[in-house]
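J.: here is a sequence together with a model predicted from it:
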Amino acid sequence: MYQALYRTERPEDFSRVLGQEHIVRILKNQIRNGTTTHAYLFCGTRGTGKTSLARILTKAVNCTGEGEKPCCRCANCRAIREGNFMDMIEIDAASNNGVDNVRELRESVSYPPVQGRKKVYIIDEVHMLSPAAFNALLKTLEEPPDNVMFILATTDPQKLPATILSRCLRMDFHRIPARALAERMGEICRSRGVEVTDEALQILAAAADGSARDGLSILDQCLAGSDKVLDAGDVIEYLGSAPTGFFMDLTDCVTKGDAAGALVMLDRILREGKDVKQLMADWLAHYRSLLIAKYVREPGEMLGVSAEKGQKLAEQSRGISLRDLNRAIVMVAKVLNDARYSTQPRVLMELAIVTLAGGEGTAPETKPQRQAASPAANHEAAPVRKPAEPRPAEPEPAARPAEPEPVREAPVVDAELPWNEPGRTAGQEKNPESERTAGHEEATEPEMAPEPEMKTSASPAEIWERIWDFIPDGGSLYMLRGNSRLAYIDDKIMEIQVDGDILYQIAERNQQVFSDAAREVIGAGPRVILKRAPKQAPAQMSFVDLSEGADEGADGGQPDDLEAIAKALEEKLHIKPTIEK
């Protein structure tokens, strides 16, 4: 019967273990010196060799051969390899996680070994044991008989109680390097008479993601469909991924703003039967490669690709800013996560392509700039800018009106502006007091450099809501959202009104946070000016005089005639009461 590669290629001794040299060195020294402990904890991700190394250690402590152990030739080593060694008990904690199962284990521990020197219990996925089962195992795990050894294996050591961790010798398994995986898979291909290219081995090793079992499973699939030759195109086809250059071309289209070209490319590759979720995962990996290539001089070794492809990644990354890379990685990662719960993942990817290529919500450099062709157009756009006419003198230069200002019109340079008045010459000096009170308004004069135009024409209230999208949730800072308001903003000054002294102090400590958030919304980081909101005077209650229109009582006081009172209520408050007699 045919056996999968990950079973036939399982290492049988310490020399065949991949990527765990630090653990192999410790175990070999313990076996040589006779200092093996009673309990081990093997931690690591899937496919890194935890169970294989546990079986090798079982061979080593029960080997009867001469020389280095295990010899893989004695009766005990052969019995362990064939799976009929009575003193090696493998337990799956995922399906045997109750306290009754641990009770049976405790009872069997008291019996001596039958074939070998030590009885070895290998408990896989030990973190799946229940709390009661852990408690039942504690005493046996701490002081087992001399001829008993426990080897616990887990992919999630954080779920183990501290009482279990303190009773075991913990060994952490590393992900297997891509280079070691590629070399081993190359040896397997050559032993089977299959010619494989280096690029195909690199793709296989990258797809394995540090897991030997995953890599051998993919290689097994590729060998089943190959005809003595295995190249990169075959591996990509079996993986269901896109060709190597697809993601570079797709990224180029998105970077240039060619949404139509990118959508056509996506449609063409999906017609070939590719999985859209796999495409999104590979596209995210490509953006990650661009990020690495942007800062690492030789990214090929780090990314597990050829030097030629590493050079191409470096060239493409130089044409993409870090801000665009960050935005693309965050968006594609979010779309990939949302696609897990969507019945239409293709729509999500198409929306991500259009957005990154220059649709709504893109970076300011990809959006068309707003142009003001006439004063009427400026009035319709209503950008948030300073008024053209000088402001009246105030006691302090930074003073502003207490009430929130309405949306202001963009300044229009015409003959009615103060510096174009008929009675004023080009060399006439301006009033120093006016310069002091105008403050930052001097930048609007013709002789100064034109101010950078803000990238939004929204009102201060709308900008204030957008700013909070870039401020972290939670904490005392978030108390300001409902107790503050944006009174005025331009590319240089941002005036915030805050209710109460305590909230004012919080805002004062976080002025830079507001400035950075404003930079994301308006394209500039203005200086923050804080002001306390004016206290509102208590509302005055007004009372309706019902005596007018009603007959007074006999003593000249309040009316006592119910009908007169009802008539007065109807005249004053338009209420028609019902009189019960």
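T.: Now that the structure is in, tell me what you want to look at.
J.: could I get the full set of helices for the stretch 51-200 of the chain?
T.: Along the stretch 51-200 of the chain, counting by DSSP state H, counting those that start in this stretch, helices occupy 75-82, 99-109, 131-142, 162-165, 178-191, 198-208.
J.: now do the last one and helix 178-191, the angle between them.
T.: It stands for helix 198-208. Orientation check (axes from the mean of the first three to the mean of the last three CA atoms, to 10 degrees): helix 198-208 against helix 178-191 gives 120 degrees.
J.: what's the first helix or strand after helix 198-208?
T.: Scanning forward in sequence from helix 198-208 by DSSP states H and E, the next helix or strand is helix 212-225.
J.: helices or strands next to that next one in the packing?
T.: helix 5-8, helix 178-191, helix 198-208, helix 232-239 (3 or more CB pairs under 8 Å, 6 or more residues apart in numbering; DSSP states H and E). Where C-beta positions appear, they are placed from N, C-alpha and C, glycine not excepted.
J.: if we go to 10 Å?
T.: When contacts are defined as 3 or more CB pairs under 10 Å, 6 or more residues apart in numbering; DSSP states H and E, helix 212-225 sits against helix 5-8, helix 50-62, helix 178-191, strand 195-196, helix 198-208, strand 229-230, helix 232-239.
J.: per-residue confidence for Ala458?
T.: Listed pLDDT for Ala458 reads 76.
J.: any idea how far the residue nearest the centre of the chain is from Tyr2?
T.: Nearest to the mean C-alpha position of the chain, counting by CA atoms, centre = their mean, stands Val330 at 6.5 Å. Distance of Val330 to Tyr2, computed by CB to CB, to the nearest Å: 45 Å.
J.: so where's this structure uncertain?
T.: Under the criterion pLDDT under 70, the flagged ranges of the chain are 359-457, 473-475, 478, 535-561, 572-581.
J.: counting neighbours, what do you get for Asp282?
T.: If you count neighbours by other CB atoms under 10 Å, Asp282 ends up with 19.
J.: for it, which non-adjacent residue is closest in space?
T.: Using CB to CB, 6 or more residues apart in numbering and skipping residues adjacent in sequence, the residue nearest Asp282 is Ser241, 5.3 Å away.
J.: so the one you found: helix, strand or coil?
T.: Under DSSP: H, G, I helix; E, B strand; the rest coil, the three-state class of Ser241 is coil.
J.: residue contacts, it?
T.: With contact taken as CB atoms under 10 Å, 6 or more residues apart in numbering, Ser241 is in contact with Ile203, Ala207, Val235, Phe247, Ile269, Lys274, Asp275, Gln278, Leu279, Ala281, Asp282, Ala285.
J.: pull out the buried residues from those.
T.: Using 16 or more other CB atoms under 10 Å as the burial test, the contacts of Ser241 include Ile203, Ala207, Val235, Phe247, Ile269, Lys274, Leu279, Ala281, Asp282 as buried.
J.: quick one: which of the residues you listed is nearest to Gly319?
T.: Nearest to Gly319 among the buried ones among the contacts of Ser241, counting by CB to CB, is Phe247 at 14.8 Å.
J.: so the closest one touches Ala285, yeah?
T.: Yes. If you go by CB atoms under 10 Å, Phe247 and Ala285 touch, sitting 8.4 Å apart.
J.: what angle separates the top helix by length along the chain from helix 198-208?
T.: Ranked by residue count under DSSP state H, the longest helix found in the chain is helix 276-295. Relative orientation of helix 276-295 and helix 198-208, computed by the same axes, to 10 degrees: 110 degrees.
J.: now do the buried residues in helix 276-295.
T.: In helix 276-295, counting by 16+ other CB under 10 Å, buried: 276-277, 279-284, 286-287, 289-294.
J.: burial count for the closest residue to Ile91 other than its chain neighbours?
T.: In space, and not counting its chain neighbours, Ile91 is closest to Ile123: 4.8 Å by CB to CB, 6+ apart. When counting by other CB under 10 Å, one arrives at 24 neighbours for Ile123.
J.: ok, now which ones touch the residue nearest to the centre of the chain?
T.: Tyr287.
J.: torsion angles phi and psi at it?
T.: Phi and psi for Val330, reported as degrees, to the nearest 10, are phi -60, psi -40.
J.: likewise the one 5 residues further on?
T.: The phi and psi torsions at Val335 (degrees, to the nearest 10) take the values phi -60, psi -40.
J.: please look at Ser130 and Ala94 and confirm they touch.
T.: No. With contact defined as CB under 10 Å, Ser130 does not reach Ala94; the gap is 11.5 Å.
J.: related to what we said a few turns ago, and of the contacts of Ser241, the nearest to Glu104?
T.: Taking the contacts of Ser241 together and measuring to Glu104 by CB to CB, the closest member is Ala207, at 41.0 Å.
J.: who's in contact with that closest one?
T.: Taking CB under 10 Å, 6+ apart, we find Ala207 in contact with 178, 181, 214-215, 218-219, 235-236, 238-239, 241, 282, 304.
J.: mind redoing it with 6 Å?
T.: Counting by CB atoms under 6 Å, 6 or more residues apart in numbering, Ala207 makes contact with Ile218, Leu239.
J.: what do you get for Ile123?
T.: Ile91, Ala93, Leu152.
J.: now render these as TSV, adding neighbour count and distance to Glu315.
T.: Listed next are the contacts of Ile123 as TSV, based on neighbours: other CB atoms under 10 Å; distance: CB to CB, whole Å:
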residue	neighbour count	distance to Glu315
Ile91	20	54
Ala93	20	50
Leu152	30	49
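J.: can you pull out the strands in the chain?
T.: Along the chain, the segments classed as strands by DSSP state E run 39-43, 88-92, 119-124, 148-154, 169-172, 195-196, 229-230, 484-489, 493-498, 527-532.
J.: the first one pairs with which strands, and in what direction?
T.: In this case it means strand 39-43. strand 148-154 (parallel), strand 169-172 (parallel) (DSSP bridges).
J.: deepest of these, which one?
T.: With neighbours taken as mean count of other CB atoms under 10 Å, the strands paired with strand 39-43 reach their highest mean count in strand 148-154, at a mean of 24.
J.: that one to strand 119-124, inter-axis angle?
T.: Per the same axes, to 10 degrees, the angle that strand 148-154 makes with strand 119-124 is 10 degrees.
J.: list the contacts of strand 148-154.
T.: 38-43, 50, 54, 109, 118-124, 126-127, 141.
J.: cutoff 7 Å now
T.: Identification of contacts with strand 148-154 by CB atoms under 7 Å, 6 or more residues apart in numbering yields 38-43, 50-51, 54, 57, 61, 109, 118-127, 141, 144, 160, 168.
J.: TSV for the helices of the stretch 51-200 of the chain, including distance to Asp13?
T.: TSV is the format used below for those (distance: least, CB to CB, whole Å):
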stretch	distance to Asp13
helix 75-82	9
helix 99-109	28
helix 131-142	28
helix 162-165	29
helix 178-191	15
helix 198-208	22
